[in-house]
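sequence and predicted structure are below.
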Amino acid sequence: MRERMAMHHQNPSCSACHNLFEPIGIALENFDGVGAWRHQDEGQPIDPSGTLADGTKIDGPKSLRGALLQNSEQFVRVVAEKLLTYALGRGLDDQDMPLVRAIGRGAAAGDYRFSALVLGVVKSEPFQNNIKGADVALQTAAR
């Protein structure tokens, strides 16, 4: 895997992004496509070590988890943003950020459980009043 990823580091336009997400993927490399643990990939031993963009050394899922926990507020904010984007079916803007922060605070109160994030999204006013599908149906019927 590392050899395949090395190609992206040669291209500056690729390496800018790969340097951010690649160490996370490599730390999780012991998991195969269906989540089973493995020690080798195509007969070669897996080396899950790497360095995150902030310089934090990691060597697999456990140390990755520790790094994420040290930045739990930022991690939760990003996950809340992505969940809300998916749930609303649109991109977020500055007006959505107070809601994202509120969902994060709710997740903190819920011990940062994924279910607390999902409930924050589902109970939000924009999600409950997202009638984009109804708007499309009304517009279609008006034609």
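Yes, it's here. Residues are numbered from 1 along each chain as shown.

residues of stretch 122-129 that come out buried?
For stretch 122-129, the buried set under the neighbour-count rule, 16 or more other Cβ atoms under 10 Å, comprises residue 124. Where you see a C-beta, it was placed from the backbone N, CA and C, and this is true even at glycine.

measure how far that stretch is from the centre of its chain, please.
The offset between the C-alpha centroid of stretch 122-129 and the centroid of the whole chain comes to 21 Å, using Cα atoms, centre = their mean, to the nearest Å.

any stretches of the chain with poor pLDDT?
Applying pLDDT under 70 to the chain picks out residues 1, 131-143.

can you show me the helices along it?
In the chain, the segments counted as helices under DSSP state H are 2-10, 12-27, 61-70, 72-88, 97-109, 114-122, 125-128, 132-142.

what are the contacting residues of the shortest one?
Read that as helix 125-128. Residues from elsewhere that reach helix 125-128, judged by Cβ atoms under 8 Å, 6 or more residues apart in numbering: 84, 87, 88, 96, 99, 121, 122.

got the CA positions of it in PDB?
Listed next in PDB are the C-alpha coordinates belonging to helix 125-128 (Å, rounded to 0.1, in the frame of the first residue of the first chain):
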ATOM      1  CA  GLU A 125     -35.000  22.200  13.100                       C
ATOM      2  CA  PRO A 126     -33.400  22.300   9.700                       C
ATOM      3  CA  PHE A 127     -33.600  18.500   9.400                       C
ATOM      4  CA  GLN A 128     -37.100  18.200  10.700                       C
END
